[in-house]
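A.B. asks: structure, please.
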Amino acid sequence: MAPEPSQADRAATGAAGAPSGGAAAIARALRAAFAFATGRMPVGADEIADLARGAMFLPAIGLALGLAVGAIAAAAAARAPALAIAPAAVALLVAVQRAAPAAATVDAIASLRGEPGGVVVALASLAVAAALATEAVAIALVGGPALALAVGLAVMLGRWASVVHAYGSLPAPDDPFAAALVGGVEFREFAIASVSAMALALGLANAVGVVLVVTAAAVAIALRIALHRARGGVTRASIVASGLAAETATLVAAAAVARLLAG
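C.D. replies: Residues are numbered from 1 along each chain as shown. Sure, this is the predicted structure:
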């Protein structure tokens with residue numbers, strides 16, 4: 001008969017096992033955050049809980065995705081007119097995110113009008129198209145060596161805006177996804193996401209980063225206030241749509257600063 005493990009042995013085993021369980025949870029959270037950032041919505045309570053824990057990773061993932069797209073756009077812009085490259089860059093951003101932010105924005109706008117009909121959806125679709133066209137113009141205006149960084153920071157702050165939009169909000173009635181995610185994103189996730197987003201923006205863009213962070217935060221909070229008034233809380237669609245709204249606003253701010261600095 002094998003001897004019963006001592007208390008010290010049990011403690012050592014538990015200590016050795018804890019990092020493994022913690023690492024597995026972090027890996028699930030990271031996968032869920034990457035899937036969300038690339039347009040796949042979680043399904044089921046476990047996946048939503050993983051996304052809530054992974055919210056802390058969204059800014060870093062957004063920066064990596066944005067820099068990749070921005071680098072491709074910058075390389076192409078060195079060989080072709082910026083106005084020709086900009087729509088392709090926006091199309092690539094939409095493709096990387098599986099068009100989820102665009103579709104969610106249509107749903108979010110339409111839902112503000114109550115039962116969405118064909119005309120409301122069409123108008124919402126036009127608004128999204130206008131936002132994407134605005135992104136293209138902003139990318140063309142930024143141009144030059146700052147293009148990759150501007151796109152990277154815009155996507156990063158868009159993903160962070162989704163966290164700002166959700167954290168501490170009320171979920172809209174009859175929206176179980178929003179209820180689960182809002183309830184799952186705790187201060188730790190919000191704080192890590194916010195500190196990392198601000199540190200990266202300020203570290204990479206100095207004072208311009210402050211302008212971009214304030215712009216993204218203002219958009220996310222304004223949308224949250226609007227949803228609280230119109231729907232009684234944030235929704236699944238608005239959490240995703242806040243990312244596109246903040247991304248567009250950040251690109252516009254980056255373009256304005258670029259033009260101002262260029263004189």
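A.B. asks: all helices for the stretch 1-150 of the chain, in order.
C.D. replies: Ranges of helices within the stretch 1-150 of the chain are 7-37, 44-54, 58-77, 82-96, 100-111, 118-142, 147-166, based on DSSP state H, counting those that start in this stretch.
A.B. asks: deepest of those, which one?
C.D. replies: Each of the helices of the stretch 1-150 of the chain was scored by mean neighbour count; the highest is helix 147-166, a mean of 29, by mean count of other CB atoms under 10 Å. From N, CA and C alone the C-beta is placed, and that goes for glycine too.
A.B. asks: which other helices and strands contact that one?
C.D. replies: Here helix 147-166 touches helix 58-77, helix 82-96, helix 118-142, helix 176-184, helix 187-231, helix 236-262, going by 3 or more CB pairs under 8 Å, 6 or more residues apart in numbering; DSSP states H and E.
A.B. asks: of all these, which one is nearest Asp50?
C.D. replies: helix 176-184 (9.0 Å; CB to CB).
A.B. asks: contacting residues around that closest one?
C.D. replies: In this structure, residues lying in contact with helix 176-184 by CB atoms under 8 Å, 6 or more residues apart in numbering are 41, 45, 48-49, 51-53, 166-172, 233-236, 238-239.
A.B. asks: contacting residues for the residue nearest the centre of the chain?
C.D. replies: The centre of the chain sits closest to Arg159, judged by CA atoms, centre = their mean, with a distance of 1.4 Å. By CB under 8 Å, 6+ apart, the contact set of Arg159 is 37, 58-59, 61-62, 243.
A.B. asks: ok so, going back, distance to Glu186 for the helices of the stretch 1-150 of the chain - can I get that in a markdown table?
C.D. replies: Below are those laid out as a markdown table (distance: least, CB to CB, whole Å):
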| stretch | distance to Glu186 |
| --- | --- |
| helix 7-37 | 12 |
| helix 44-54 | 8 |
| helix 58-77 | 14 |
| helix 82-96 | 28 |
| helix 100-111 | 23 |
| helix 118-142 | 31 |
| helix 147-166 | 11 |
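A.B. asks: and Arg188, which of the ones you listed is closest to it?
C.D. replies: Evaluated with CB to CB, the helices of the stretch 1-150 of the chain place helix 44-54 nearest to Arg188, the distance being 8.9 Å.
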